[in-house]
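Colleague: I need the structure of the sequence given here:
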Amino acid sequence: MTLSNPPKCIIHNGTCLLHCSRRMLQILSLELSQVDGGLVELYGYIAVQDQLDPLLNYVVNFSRDDPIVVEQGSLINMTGPKRGIDMFDLTLIEYDMRIKTGEEEKNDLQLIDGASLIGSAGEWDQLHTVRIPGNYGAVDITFSRFNSAVEATVEVLISEVLCSFNLLLSCLTSQMNKEIRLFHGAIAGSRGLQRSVVAIPWDSSINLEFKVDALSSSSNQHYCSFMAKVHGHDTQEIKTLFALISVKVTWSMLPTGLGYLY
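Modeller: Down below sits the predicted model:
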């Protein structure tokens, strides 16, 4: 949200003429595509490094003391990125994911380890799925490179909770037919969800779907949508049978690079 409220804008008919969208990369999902056995405990990280900032921007980051339980064909919950991913030229994806097998780390299995480059060749504004193979399994990464996009930071506050319920929050842009899972879990009381950063193509919208259900009943679906902006923010409230859901989307363009990798 670095440039969500920049100074000295030139506004004409509600549109900023000074700031513009940029090429961005969006990771839509990570799936455990191959693994021996049923449920496994995963830990480690998957991170991106772009030409905007040399620091790693974590998409997944779980410690060995707090692994996630995943089975083959299931999504790996993404905890990031923390900011939008620049796709000016090359973007590096670095990964080190392991399977916890016992008390000692030396007995753990290496799922994937290494790095890959995503370049500018090929079709833009399309879905791409690439398999990252390893010695004890593989991870499928689905991504899209947007030729013109802005950064949307989604903040969700749950309040006035009447009883415990399950919540599945997904994001769908108006140009993509694949959802991005932002949250999946139980809500027991008032809380704010972790911020989610999503790249939204220019002249499109971000569509949020909230699947809400009691712990033993079918789900009710609620929706809200916001058109992309260069900066500023939008808010909306959703009243459900279980709680009040307040949504805030903060719009920002990516700043100019702090340094270059190459």
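
Colleague: Surely Val154 and Arg195 touch.
Modeller: Yes - contact criterion CB atoms under 8 Å: Val154 and Arg195 qualify, at 6.9 Å. C-beta: built from backbone N, CA, C; applies to glycine.

Colleague: Please identify which of these two sits among more neighbours.
Modeller: A side-by-side neighbour count of Val154 and Arg195, using other CB atoms under 10 Å, places Val154 first with 22 against 15.

Colleague: Just list the residues touching the nearest residue to Leu162 once chain neighbours are set aside, thanks.
Modeller: Among residues not flanking Leu162 along the chain, Phe242 sits closest, at 5.6 Å (CB to CB, 6 or more residues apart in numbering). Phe242 makes contact with Val161, Leu162, Cys163, Phe165, Ile187, Val212, Ala214 under the criterion CB atoms under 8 Å, 6 or more residues apart in numbering.

Colleague: Repeat the analysis, applying 7 Å as the threshold.
Modeller: Val161, Leu162, Cys163, Phe165, Val212 (CB atoms under 7 Å, 6 or more residues apart in numbering).

Colleague: out of those residues, which are inside strands?
Modeller: Under the assignment DSSP state E, those contribute Phe165, Val212 to strands.

Colleague: Can you say which of the contacts of Phe242 are buried?
Modeller: Among these, those buried by neighbour count (16 or more other CB atoms under 10 Å) are Val161, Phe165, Val212.

Colleague: quick one: the last one and Ile158, what's the gap?
Modeller: This means Val212. Using CB to CB, to the nearest Å, Val212 is found at 10 Å from Ile158.
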